[in-house]
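# what follows is a predicted protein model with its sequence.
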Amino acid sequence: MGVSNNSTSFLEEASLACKYTYKSVNKKIKLIRDNVTKIKQLLDELNNNRKEETIIKELEINFFMFCEGIYSCMEYCSYILRCYQNSMDKYRGNTTPTGFNDVLKGYRNNNSKPIYKSIRFTELLSEAMQWYPLVHDIRSKEIHYSMGQVEIINDIDVNYISNIEYGGYRAVGFNLLETNLIFAKFKDFVDKFLYLVDNKMI
């Protein structure tokens, strides 16, 4: 990515609340990475034929915290985005909603807000569409209905399963081995987003 011509970064000019939120994103990422590491350790224990119920429960807890952490980070990013839009003349007075899921819905539904005319930003949202809706549904379904559980399928795959469709939430089957991949995509999004915002490139 190129370097912005602006001499002052967005975060240097941002409000105290926005700066604190930015720091919170980085703290959350460390906690989410810890969840990823713990999930891998627990999966290794299961692979060593230790199929105790306590390991399954720990996986359920850590996987939920993984999804909750990503959800929270994306909400933080959405707040930073609103602060950014309010600081820029071309966006001020016509900002996106508070929640990241609503920001993503705006992209999916071809919302006319000015931020959706930014190619760099919509490229990021296009990438997020590949992984965030799944994380959002798992986290929200667990918060509201607690309908998922970790199951071992065919003595090989360790999956998070939620077969019940409720309201707007779909049935979900997720192989926990893919947690690393989701984390990598999430981290890539956050890194790119914060870089673009801080350098006023959206």
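On my side now, so go ahead. In this text, all values refer to a predicted model and were calculated from it rather than measured experimentally.

# and Y160, which of the three is it?
Assigned with DSSP: H, G, I helix; E, B strand; the rest coil, Y160 falls in the strand class.

# so for it, what's the nearest residue that isn't a sequence neighbour?
Leaving aside its chain neighbours, Y160 sits nearest to F174 (4.5 Å; criterion: CB to CB, 6 or more residues apart in numbering). (Each C-beta comes from the backbone N, C-alpha and C, glycine too.)

# with A17 instead?
Closest to A17 by CB to CB, 6+ apart is C83, at 7.9 Å.

# neighbours of the one you found, how many?
Neighbourhood size, C83 [other CB atoms under 10 Å]: 22.

# could you tell me how far the helix or strand containing it lies from the centre of the chain?
Using DSSP states H and E, C83 falls within helix 53-87. For helix 53-87, the separation from the chain centroid amounts to 6 Å (computed by CA atoms, centre = their mean, to the nearest Å).

# give me the mean pLDDT for that helix.
Averaged over helix 53-87, pLDDT sits at 95.

# so how far is the following helix or strand past that helix from its chain's centroid?
Using DSSP H and E, the helix or strand that follows helix 53-87 in sequence is helix 100-108. How far helix 100-108 lies from its chain's middle: 13 Å, per CA atoms, centre = their mean.

# can you list contacts of stretch 11-31?
Contacts with stretch 11-31, where a contact means CB atoms under 8 Å, 6 or more residues apart in numbering, come from 65, 69, 72-73, 76-77, 79-80, 83, 87, 187, 190, 194, 197-198.

# residues near the residue nearest to Y160, how many?
Neighbour number of F174 under other CB under 10 Å is 20.

# need phi/psi at it.
The phi/psi pair for F174 (degrees, to the nearest 10) reads phi -130, psi 120.
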